[in-house]
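Chemist: curious how this folds, go ahead:
(chains A and B)
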Amino acid sequence: MSKPSTSTPFWRDKRIIPILLQVVFAVIVVIAGVFLITNALTSLRQIGISFGYDFLGKMASFDIGDKLIEFSSTDSYGKAFIVGILNTIKVAFIGIILATILGFIVGISRLSTNWLARMVATVYVEIFRNTPLLVQIFIWFYAVFLGFPIIEKSLSIFEVFFFSNRGSVIPWFDITSATLVWGILLLIGVVLSYFAWKLRLKQQVETGQKRYPGYFAFGTILLALGIAWLLTLEAPFSISTPEISKRGYIGGYTLSPGFGALLVALVMYTASFIAEIVRGGILAVSKGQVEAAKALGLKSPTILRLVVLPQAIRIIIPPLTNQYLNLIKNSSLAAAVAYQELVGVGITVLSQTGRSIEVISIVILVYLSMSLFTSLLMNIYNKYSQLVER
Amino acid sequence: MKKNLVALLSFLLVFSLVLAGCSEEKAEETKSQLDVIMKRGKLIGGVNADIPGFGYLDSDGSYKGMDIDITKAIAAAVFGDANAVEYRPLSSEERFVAVQTGEVDVLARNTTYTTSRDASVGLAFAPVTFYDGQGMMVHKDSGIKSLKDLEGARISVESGTTTELNLADQMRKLGVSYEPVVFDSQDAAVAAYEEGSVDAYTTDRSGLVSRRSTLSNPDDHIILNDVLSKEPLAPSVKDGDTKWADIVTWTVYALIQAEEYGITQGNVDTFMDSDVPEIRRFLGVEGDLGEQLGLKNDFVVQIIKAVGNYGEVYDRHLGPDTVFDLDRGPNNLWTDGGLMYSPPFR
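Modeler: Numbers count the residues shown, from 1 in each chain, chains lettered A, B, ... in the order given. Reported below is the predicted structural model:
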């Protein structure tokens, strides 16, 4: 035992081997990386293309249909990318919210005691989970959104919602001068109401008398909105209802068929996975919890809300995050249905400039940062919702 | 955490570069693409698979069209065998990367010859094989008569094309606001147009004529008289390989020159004992023009036997006997008032 190091050669030393293996692996990775980079640069030089991102400042000279900010063909490639990124965020953000809502409803329905609700949810999940997303996008686009009537014969609901194969239009809010004031006061009201609710709840727990925390919170918000009304004497926004004009709609908010097809397909597809995750999470909550709650005389919806879901959430969140990331990445299939998000714009820029490596690196970086940011938010929420051990 | 990040980044780099499709051999190779093709025993041609008349996959599983015949002519020039070709159907976005990386030897896919594609995209263009212009197709009952009537219209277009840029330029010039609807495949763009989801569809005029013939009611659609741009379509190869570029260039010229001499697929043998020195040189009976290019001396004969002269190629795919019946216009020989002109073979 006194001199083991002299008798054991280093390649058999248990303390050195793992380190050695890691070093070897790192060296291989670095060599491969350097080799591929120099190789790519040499090939580019051979055909006379220099590597660089200077093209981002040059004039794009193409137009984009769907856009959240002003963009014209005289703007730069860089701005075109921003328009594309915003379009990706738009579909991902709305998609995640709707998919979560639908997924929870379907997931809970799958465990319902109501035969019809259970069967409908099961059939839905099995169909949407087991067919390729691109096929679903095509079906929504060609069969549903392009299958709507031509604009003159738009389907309408109460003459405010219109559907045609040029796009679907919904009433929308128009910002007025009063919007900002209303917004600020609403925010203050919400914050105050939270404190009011906390305070009354605490008093109720301490004194055992009814202190109506809910009514107080609601009252605080109403009060804030009342002040906003007094200050502005105006409604917070005007509602613009759409009308059909010759080739499009005036007013309202128009969703292009491509965006509509993509959003619906992403929501339906992702929600089917979320439903399974929710079902799994609920089933993982031990039966004794429900039985104990029943023994206390709680009603089923209350059990679900106060006993089952808070515990299920802890199991649901990590796989749910994966689904959010999938939805974000799957939005890149939009190019097939003419919704110009990041990849769509990227493809156009790539073929106009020939800068394939640069464009692809930008696309990768943007998706990477969006995904990492989403995971970060979900991880924070996950930590917050974990069981606090006392 | 830091170690993970480094590993992640290296992996990303590796992956993105693999995507870019650059391999070791290409970096080291200095020989011409011609040697590679000779060794391989067949030509790889990047073509279109869905534009009737130019390049499309026929119902019998074979590729047909003008661009296909140009590819065949090149194969005939190199191997004396027009069928020694492997076709790679490419989308408009894929095509340039395919040439840059050497995935295809030649790109004959109705590609417009432009400065930036020549200079910064890394292509070398052969002579123009078809002079085209961009046009606009609209529904007849829409009442649209010219580009100015397209105010507020939705216009479908294929992504990654010069068409997309010309549309933006022209509409900016006219001050007409419109909404571009950009599809990554031509079939989707046309489907959206036919359903009435968009008001108009724009691409090269030849493409419009060929596309209109595939619609359910061709007579319900009109092609506006406005021409949005010049679209000279030409085959191209990777930049920086003059030897291979020369072969493609002179193959195209051979087609044009043959028409000028009146040499056709049917009568080429009768010209073999012609007394005219230019024709003897052209057909390789005399001189060593073929060898100078790195080919056999009779390469022109092989081309003509394989596909005929330029006029025959045109007529076979776009001429009066086809559904398109496209007027030759600028694609006539220079002797007939067109733009097709070959420098002398000497």
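Chemist: check the chain for its longest helix and report it.
Modeler: I'll assume chain A. helix A:77-109 (DSSP state H).
Chemist: to clarify, I was referring to chain B.
Modeler: helix B:242-261.
Chemist: please compute how far the helix or strand immediately after that helix in the chain lies from its chain's middle.
Modeler: The helix or strand immediately downstream of helix B:242-261 is helix B:268-271, counting by DSSP states H and E. Distance, stretch centre to chain centre, for helix B:268-271: 29 Å (C-alpha atoms, centre = their mean, to the nearest Å).
Chemist: please pull out the lowest mean pLDDT helix or strand from chain A.
Modeler: Ranking every helix and strand in chain A by mean pLDDT, DSSP states H and E puts helix A:4-7 at the bottom, with a mean of 60.
Chemist: how is chain B partitioned into domains?
Modeler: Chain B breaks down into these domains under automatic domain parsing: B:27-129+B:234-336, B:133-231.
Chemist: how many neighbours does residue A:348 have?
Modeler: Using other C-beta atoms under 10 Å in any protein chain shown, the number of residues around residue A:348 comes to 28. Heads up, the C-betas are built off the backbone N, CA and C, glycines and all.
Chemist: now it: how far from residue B:236?
Modeler: 20 Å (C-beta to C-beta, to the nearest Å).
Chemist: likewise for residue B:256?
Modeler: 17 Å.
Chemist: please apply the same query to residue B:168.
Modeler: Noted for residue B:168: a distance of 24 Å to residue B:236, by C-beta to C-beta.
Chemist: neighbour count winner among these two?
Modeler: Here residue B:168 and residue B:236 are compared on neighbour count by other C-beta under 10 Å; more neighbours surround residue B:236, at 25 against 21.
Chemist: now do the contacts for the closest residue to that one other than its chain neighbours.
Modeler: Once flanking residues are discounted, residue B:236 sits nearest to residue B:123: 4.3 Å by C-beta to C-beta, 6 or more residues apart in numbering or on different chains. The neighbourhood of residue B:123, defined by C-beta atoms under 8 Å, 6 or more residues apart in numbering or on different chains, consists of B:96, B:99, B:100, B:107, B:117, B:236, B:237, B:238, B:239.
Chemist: what are the bridge partners for the fourth one, then?
Modeler: What it means is residue B:107. Counting by DSSP bridges, residue B:107 is bridged to residue B:46, residue B:236.
Chemist: and the pLDDT at it?
Modeler: With respect to pLDDT, residue B:107 scores 95.
Chemist: now do the second one
Modeler: In this prediction, residue B:99 carries a pLDDT score of 90.
Chemist: picking that back up, next, the residue nearest to residue B:236: phi, psi?
Modeler: With angles defined as degrees, to the nearest 10, residue B:123 sits at phi -110, psi 150.
Chemist: need the contact list for residue A:130.
Modeler: The contact partners of residue A:130, by C-beta under 8 Å, 6+ apart, come to none.
Chemist: gap between it and residue A:282?
Modeler: The gap separating residue A:130 from residue A:282 is 22 Å, by C-beta to C-beta.
Chemist: cool, and residue A:231?
Modeler: According to C-beta to C-beta, residue A:231 stands 47 Å off from residue A:282.
Chemist: same question for residue B:149.
Modeler: Note on residue B:149: its distance to residue A:282, by C-beta to C-beta, is 59 Å.
Chemist: same check on residue B:72?
Modeler: Residue B:72 sits 65 Å away from residue A:282, going by C-beta to C-beta.
Chemist: before we move on, what about residue A:87?
Modeler: For residue A:87, the distance to residue A:282 - C-beta to C-beta - is 35 Å.
Chemist: tell me which of the two has more neighbours.
Modeler: Legend: neighbour count by other C-beta under 10 Å for residue A:87 and residue A:282, higher for residue A:87 (25 against 22).
Chemist: could you pull up the residues touching the more buried one?
Modeler: Per C-beta under 8 Å, 6+ apart, neighbours of residue A:87: A:66, A:67, A:68, A:334, A:339, A:340, A:341, A:342, A:344, A:345.
Chemist: from these, which land in helices?
Modeler: Using DSSP H, the subset of these located in helices is A:342, A:344, A:345.
Chemist: the last one against residue A:84, yeah?
Modeler: Okay, so that is residue A:345. Yes. With contact defined as C-beta atoms under 8 Å, residue A:345 counts as touching residue A:84 (3.3 Å).
Chemist: overlap in contacts of those two?
Modeler: Common contact partners of residue A:345 and residue A:84 (C-beta under 8 Å, 6+ apart): residue A:64.
Chemist: can you count the residues close to the nearest residue to residue B:105 once chain neighbours are set aside?
Modeler: Spatial nearest neighbour of residue B:105, excluding adjacent residues (C-beta to C-beta, 6+ apart): residue B:44 at 5.0 Å. Residue B:44 has 19 neighbours, counted by other C-beta under 10 Å.
Chemist: how about the strands in chain A?
Modeler: Ranges of strands in chain A, per DSSP state E, are A:155-157, A:161-164, A:167-170, A:172-175, A:237-240, A:243-244, A:249-250, A:253-255.
Chemist: could I get the buried residue list for the third one?
Modeler: Under the neighbour-count criterion of 16 or more other C-beta atoms under 10 Å in any protein chain shown, strand A:167-170 has A:167, A:168, A:169, A:170 buried.
Chemist: about what we covered before: for the residue nearest to residue B:236, give the beta-bridge partners.
Modeler: Under the criterion used (DSSP bridges), residue B:123 bridges to residue B:238.
Chemist: roughly how far does it sit from residue B:43?
Modeler: 17 Å.
Chemist: then residue A:280?
Modeler: From residue A:280 to residue B:43 the distance is 55 Å (C-beta to C-beta).
Chemist: more crowded one of those two?
Modeler: Using other C-beta under 10 Å as the criterion, residue A:280 and residue B:43 rank with residue B:43 on top: 24 against 14.
Chemist: quick one, what contacts that one?
Modeler: Residue B:43 neighbours (C-beta under 8 Å, 6+ apart): B:37, B:71, B:74, B:75, B:78, B:79, B:84, B:85, B:86, B:105, B:106.
Chemist: nearest to residue A:297, out of these: which one, please.
Modeler: Nearest to residue A:297 among the contacts of residue B:43, counting by C-beta to C-beta, is residue B:86 at 76.4 Å.
Chemist: confirm that the closest one sits in a helix.
Modeler: No. Residue B:86 is assigned strand when assessed by DSSP: H, G, I helix; E, B strand; the rest coil, not a helix.
Chemist: does the closest residue to residue B:257 other than its chain neighbours count as helix, strand or coil?
Modeler: Spatial nearest neighbour of residue B:257, excluding adjacent residues (C-beta to C-beta, 6+ apart): residue B:342 at 4.1 Å. Put simply, residue B:342 is coil when judged by three-state DSSP.
Chemist: helices of the stretch 201-346 of chain B, residue ranges please.
Modeler: Taking DSSP state H, counting those that start in this stretch to define them, one finds helices in the stretch 201-346 of chain B at B:205-212, B:242-261, B:268-271, B:277-282, B:289-293, B:299-307, B:310-318.
Chemist: deepest of the ones you listed, which one?
Modeler: Of the helices of the stretch 201-346 of chain B, the one with the most neighbours on average (mean count of other C-beta atoms under 10 Å in any protein chain shown) is helix B:299-307, at a mean of 25.
Chemist: that one vs helix B:242-261, what angle?
Modeler: Using axes from the mean of the first three to the mean of the last three C-alpha atoms, to 10 degrees, the inter-axis angle of helix B:299-307 relative to helix B:242-261 is 70 degrees.
Chemist: which strands and helices sit next to helix B:299-307?
Modeler: Applying 3 or more C-beta pairs under 8 Å, 6 or more residues apart in numbering or on different chains; DSSP states H and E, we find helix B:299-307 packed against helix B:66-79, helix B:242-261, helix B:268-271, helix B:289-293.
Chemist: so for it, what's the average pLDDT?
Modeler: Average pLDDT, helix B:299-307: 94.
Chemist: export that helix as PDB, just CAs?
Modeler: Taking Å, rounded to 0.1, in the frame of the first residue of the first chain, the C-alpha atoms of helix B:299-307 are listed here in PDB:
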ATOM      1  CA  PHE B 299     -18.000  15.700 -80.600                       C
ATOM      2  CA  VAL B 300     -20.300  18.000 -82.700                       C
ATOM      3  CA  VAL B 301     -21.400  15.000 -84.700                       C
ATOM      4  CA  GLN B 302     -22.300  13.100 -81.500                       C
ATOM      5  CA  ILE B 303     -24.300  16.100 -80.200                       C
ATOM      6  CA  ILE B 304     -26.300  16.500 -83.400                       C
ATOM      7  CA  LYS B 305     -26.900  12.700 -83.700                       C
ATOM      8  CA  ALA B 306     -28.200  12.700 -80.100                       C
ATOM      9  CA  VAL B 307     -30.500  15.700 -80.000                       C
END
